[in-house]
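Peer 1: Curious how this folds, go ahead:
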Amino acid sequence: MLNSHKILNLAATDLDLQETLSRELGISKIFAQILINRGLKTPNCVREFLDVRLDSLLEPHLLQDMDKAVSLIKKAREKREKVMIFGDYDVDGLTALSLTKDTLSKIGMDVEHYLPHRVKEGYGLNKNITQIAKQKNIKLLITVDCGTSSQDIIKELRRQGIEVIITDHHEPQNSQAGNCASAMLNPKMPNPRYNFRDLAGVGVAYKLCQALSESRLWEELDLVSLGTIADVVPLKGENRVIAKEGLKRLARTNKVGLKALMESSGISNKKLSTTFVSYIIGPRINASGRIDNAEIALALLLSQEKGRAQELAKAIETHNRQRQKIESRILEEAQDLIDREINFKEHKVVVLAKEDWHPGVLGIVASKLADRFYRPTIVISLNDRLCRGSGRSVRNFHLFEALVECKDFLENFGGHSHAVGLVLAKERVQDFKSAINRLAREKLLAEDLIPHLDVDISVALSDLNIELVEELEGLEPFGADNPEPLFYTSGLQLKGAPQVLGRNTLKFWVTDGRVTYQAVGFGLGYLKDSLIVADSFDLVYTPVIDDWHGEGSICLELKEIILGR
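Peer 2: Okay, the predicted model is just below:
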């Protein structure tokens, strides 16, 4: 059994297809199986996936309403009308806003922006925007990363004579969502011509900017990849191209704000990966919006002056440390509530609510609790009247659809299958908790609440070599829908004494009696004593090339240690 009580899913082996792909593409059979596991079952599909080409990105004009949107913007420019871009305060929204504002400014438009306050206003178009737009004499409002579900507010803006262009990627709550906007750019709306629906918000904004500037704007892919990776959209199709090419440009970016942020976070001159974006750059850009106001992060992204950019980056580092402290406190309080209130036999969905929880970090807390207990988790900050919450889910529970079925208890909500935001009245919290748990009991099986570990292939240590690991690097960048490949090897033994290094990292040498490799398990130090007394053990890992001392050797990056007797 696995020490973490996970279900091990070993992908089915297709020997015939392995042989075909290996022969026609000149690749190893192990690599062929890993490609098969990702749904790549023909030589052409494999070539398309591995040969990432910028010219494979779809034409922006294929998006429904794109021509209409471009026409509205050009008309506003001809009339010298004021334009406002309404954004969102996360990385996806901020990169989209920065890109769109810069593009409109370059084509000579008078552009203002509006960033809602995460705590005071929450996500998406709010009722204040109609009055603000009127006061500023705005004639065209463009949203980025929001707006699809804000039909009532869009109708009111239109009644006031303000044209509204929506650029968004969130799921529409109904088929009529786009009808009231002047133009709706959202790949999740029914659109037979545009056959990729998983763009991030910044990806949609990028398409608009391409169409407006009549340029491919390859130089902006550093910004587009940042928002795309941070928003955890599937890294396949167009997103794979954006992420792979964008990471190259991000590493050598000329944007002074991004350079200052990478310097302050200590990752300058490093080979950038999705991990750096997800765990270092992204959280820092998000931090200011979580703690106070996202304007600091936006100013950094738009900054043209090195000294100013360095000041902003320093302020963002301070906000990030504050965010970490607040998050730690709420996590402790949430754990205390779980210990006192949650019965895991009864509660398939964990719903926690408490006064004075900072709304800016609820999503992070919900994510960590969902990982810890493997339950859909919704964390709510209680106020006297309307309360804000964030939710994160597990693989077999579509949280957005669950909220649709519980909408009678909610004032507002939005999001995706695995991440949502919601607003509800204080007196409805308990009713909502009961309703979503009734729904979950109907939909979730016992095994749905046990984490799964998807393993690509079972191999012997002797199957590993440098050439195979170099083949695996062709799968990068890793992310949603394209995870790092996981290997399984059984019947192994310890060679020498294991060590526990900083951050509870376990390091040891492992052998099958013929081949010996070094293994490293981050956060697995607690298994040291059990490993020493085990007769044998199995490993789940990703093989990587360790060139720490300038010599390329294989190292096993551990995901799980499965102990024998």
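Peer 1: how does this structure divide into domains?
Peer 2: Here the domain parsing of the chain from automatic domain parsing is 7-50+453-563, 59-216, 342-449.
Peer 1: Distance from the last one to the middle of the chain?
Peer 2: Meaning domain 342-449. 19 Å (C-alpha atoms, centre = their mean, to the nearest Å).
Peer 1: what do you get for stretch 225-245?
Peer 2: 9 Å.
Peer 1: which regions of this structure sit below the pLDDT cut-off?
Peer 2: By pLDDT under 70, the low-scoring segments of the chain are 1-4, 175-178, 548-551, 565.
Peer 1: about what we covered before: which one of the domains of the chain is the most hemmed in?
Peer 2: domain 59-216 (a mean of 20; mean count of other C-beta atoms under 10 Å). Backbone N, C-alpha and C define where each C-beta goes, glycine included.
Peer 1: Report how far apart the opening and closing residues of that one are.
Peer 2: Terminal residues of domain 59-216 lie 9 Å apart, using C-alpha to C-alpha, to the nearest Å.
Peer 1: what does stretch 416-427 give?
Peer 2: By C-alpha to C-alpha, one end of stretch 416-427 lies 26 Å from the other end.
Peer 1: Name the residues that touch that stretch?
Peer 2: 122-123, 170-171, 232, 363, 367, 378, 380, 382-394, 398-401, 403, 409-415, 432 (C-beta atoms under 8 Å, 6 or more residues apart in numbering).
Peer 1: Filter the residues you listed down to just the ones in strands.
Peer 2: 378, 380, 382, 386-392, 412-415 (DSSP state E).
Peer 1: JSON lines please, covering those residues and showing distance to Ala519.
Peer 2: Formatted as JSON lines, the ones in strands among the contacts of stretch 416-427 follow (distance: C-beta to C-beta, whole Å):
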{"residue": "Ile378", "distance to Ala519": "37"}
{"residue": "Ile380", "distance to Ala519": "42"}
{"residue": "Leu382", "distance to Ala519": "46"}
{"residue": "Leu386", "distance to Ala519": "51"}
{"residue": "Cys387", "distance to Ala519": "46"}
{"residue": "Arg388", "distance to Ala519": "44"}
{"residue": "Gly389", "distance to Ala519": "41"}
{"residue": "Ser390", "distance to Ala519": "36"}
{"residue": "Gly391", "distance to Ala519": "36"}
{"residue": "Arg392", "distance to Ala519": "30"}
{"residue": "Asn412", "distance to Ala519": "48"}
{"residue": "Phe413", "distance to Ala519": "44"}
{"residue": "Gly414", "distance to Ala519": "43"}
{"residue": "Gly415", "distance to Ala519": "38"}
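Peer 1: and which of those residues is nearest to Lys6?
Peer 2: Lys6 has its nearest neighbour among the ones in strands among the contacts of stretch 416-427 in Arg392, at 18.1 Å by C-beta to C-beta.
Peer 1: tell me which residues in the longest helix along the chain are buried?
Peer 2: When the chain is scanned for its longest helix (criterion: DSSP state H), the result is helix 306-341. Residues of helix 306-341 classed as buried by neighbour count (16 or more other C-beta atoms under 10 Å): 309-313, 315-316, 319-320, 322-323, 326-327, 330-331, 334, 338.
Peer 1: from the ones in strands among the contacts of stretch 416-427, which is closest to Ala12?
Peer 2: Arg392 (29.6 Å).
Peer 1: can I assume that closest one is in contact with Leu399?
Peer 2: Yes. With contacts counted by C-beta atoms under 8 Å, Arg392 reaches Leu399, the gap being 7.5 Å.
Peer 1: got any residues that touch both of the two?
Peer 2: Common neighbours of Arg392 and Leu399 (C-beta under 8 Å, 6+ apart) are 376, 418-419.
Peer 1: Show me which of those is closest to Asn9.
Peer 2: His418 (18.4 Å).
Peer 1: between the ones in strands among the contacts of stretch 416-427, which is closest to His117?
Peer 2: Arg388 (11.7 Å).
Peer 1: In this structure that closest one contacts Ile380, no?
Peer 2: Yes. Counting by C-beta under 8 Å, Ile380 is a contact partner of Arg388 at 7.1 Å.
Peer 1: Now do the shared contacts for the two.
Peer 2: Joint contacts of Arg388 and Ile380 (C-beta under 8 Å, 6+ apart) are 362, 422.
Peer 1: from the middle of its chain, how far away would the longest strand along the chain be?
Peer 2: The residue-count maximum for a strand in the chain (DSSP E) belongs to strand 487-501. The chain centre lies 32 Å from the centre of strand 487-501; the measure is C-alpha atoms, centre = their mean.
Peer 1: residues in contact with Gly513?
Peer 2: Gly513 neighbours (C-beta under 8 Å, 6+ apart): Gln493.
Peer 1: Which of the helices or strands spans it?
Peer 2: Assigned by DSSP states H and E, Gly513 belongs to neither a helix nor a strand.
Peer 1: That one and Phe537: what is the separation?
Peer 2: 14 Å (C-beta to C-beta, to the nearest Å).
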